[in-house]
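S.K.: How does the following fold in three dimensions:
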Amino acid sequence: MRILVVSALFVVCAVNVVSQQPSTPTKTQAIAAAFNKHKNKVKEKYGVRTEKYKDVRSEPVVKPNIGDYAGAYEVADLGSLINIQVGSDGRVQATGSEKVPQSRTFNLENVRIEGALLTASKVYQDGTTEAFEGVFLKRTDRNNPTDPGVTTLGLGVVLRTPVEQNDLRHDKLFYQLKQ
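M.R.: Modelled structure (predicted):
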């Protein structure tokens, strides 16, 4: 009887934990939304009107073939790079490097791509690991309301531990696909 009760409790707890984890589409949309930005300020002083406008829209990009995600992705300002390769068997391998907070290289292990969501374990050369999540994005950047904008493709990553460089704190990075 005890075994039956313990087994039932275990199943109920396992189902509860699984049901609390967000689904892939929900997680994908949440990460993509973190890369959206809209600012429209108008100031008038002494008859001089100044306007600042910025609109950044990011949408997840789901590609029909997993091999289409292969390429080099870079955050040029920070010197961060991720190189994604997809084998003919569909197996994904990724390596990278970063210069902030210190210069080091890493491998992405157990890489999975579901829809536009990439999940993996980031393993540094000293053996330390951290979870890694990113979303393949189409990002459109507009500087005024009538501007059609500049569209770039890349990988948006929300950092678990923010990094600082030149008194700027980065809690997310957009790795732009190098052409």
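S.K.: State which strand of this structure is the longest.
M.R.: For the chain, the strand that runs over the most residues, judged by DSSP state E, is strand 150-165.
S.K.: tell me what it is packed against?
M.R.: Using 3 or more C-beta pairs under 8 Å, 6 or more residues apart in numbering; DSSP states H and E as the contact test, the elements touching strand 150-165 are helix 24-33, strand 129-142, strand 168-177. Backbone N, C-alpha and C define where each C-beta goes, glycine included.
S.K.: For this protein, which residues score under the pLDDT cut-off?
M.R.: By pLDDT under 70, the weakly predicted segments of the chain are 1-22.
S.K.: Roughly how far does the spatially most central residue of it sit from residue 172?
M.R.: The residue lying closest to the centre of the chain (C-alpha atoms, centre = their mean) is residue 157, at 2.2 Å. Here residue 157 is placed at a distance of 7 Å from residue 172 (C-beta to C-beta, to the nearest Å).
S.K.: rewinding a little: in its sheet, what does the longest strand of the chain sit against?
M.R.: Applying DSSP bridges to the sheet, strand 150-165 is found paired with strand 129-142 (antiparallel), strand 168-177 (antiparallel).
S.K.: From residue 45, how far off is residue 108?
M.R.: Following C-beta to C-beta, the distance that separates residue 108 from residue 45 is 50 Å.
S.K.: In terms of neighbours, single out the busier of the two.
M.R.: Summary of the neighbour comparison: residue 108 and residue 45, criterion other C-beta atoms under 10 Å, with residue 108 having more neighbours (21 against 7).
S.K.: Parallel or antiparallel, list what pairs with the host helix or strand of that one.
M.R.: When secondary structure is defined by DSSP states H and E, residue 108 falls within strand 104-114. Strands flanking strand 104-114 in the sheet, each with its direction: strand 92-98 (antiparallel), strand 117-124 (antiparallel) (DSSP bridges).
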